[in-house]
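Peer 1: Below is the sequence, then the predicted model.
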Amino acid sequence: QVQLVESGGGLVQAGGSLRLSCVVSGVVVRFNAMGWYRQAPGKQRELVATVGSWTNYADVVEGRFTISRDNAKNTVYLQMDSLKPEDTAVYYCNEFPGTHWPEYLEVWGQGTLVTVSS
C-alpha cells in the first residue's frame, strides 16, 4: 500500500519561497505519474502539478511552481516561488492516475501546511 510523507511547509511572507518534499513508499515514482495537490480551507482539493514523462501545472501556479522527482530517493518535490496569500493550503502528494483522480485516490498522507501572509 502506498505511503506518502509530505514535509517542508511553513509560514512565509508573500513573494517568498518554499520547497516541499514527499517521500513515497509502495509506489516507484520513476514508473508512475505523480502529482501535488492542495486543499484550502473550505474548498475542495485541487490538482497543482504533475510529473511523468512531462510536467504540467495548474494555470494559477504556472511559472511560479516547479515539480520534480528524485528517482534514487523515491521522492517528489515542489519548489514554490513568488508565493501568494491564495496559495495558503494543505499540500499533498500522490499518484496521478489521470483527470478522474478524485474518484481513484483513496490513500493520502497527512499533508504539509503552507501559510502565506500578505
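Peer 2: Right, received. Where do you want to start? Residues are numbered from 1 along each chain as shown.
Peer 1: what comes up buried for stretch 35-52?
Peer 2: The neighbour-count check on stretch 35-52 (16 or more other Cβ atoms under 10 Å) flags 35-38, 45, 47-51 as buried. Quick note: C-beta positions are derived from backbone N, CA and C, even for glycine.
Peer 1: measure that stretch end to end?
Peer 2: Separation of the first and last residues of stretch 35-52 by Cα to Cα, to the nearest Å is 9 Å.
Peer 1: Give me the contacts around that stretch.
Peer 2: Residues from elsewhere that reach stretch 35-52 (Cβ atoms under 8 Å, 6 or more residues apart in numbering): 20, 22, 32-34, 55-58, 61, 65-69, 76, 78, 86-96, 101-102, 111, 114.
Peer 1: Mind doing that once more with 6 Å?
Peer 2: Residues outside stretch 35-52 that contact it (Cβ atoms under 6 Å, 6 or more residues apart in numbering): 33-34, 56-58, 61, 65, 67, 69, 78, 89-93, 96.
Peer 1: With adjacent residues omitted, what lies nearest to the residue of the chain most remote from its centre?
Peer 2: Centroid-distance maximum for the chain: residue 118 at 21.9 Å, with Cα atoms, centre = their mean. Among residues not flanking residue 118 along the chain, residue 85 sits closest, at 4.8 Å (Cβ to Cβ, 6 or more residues apart in numbering).
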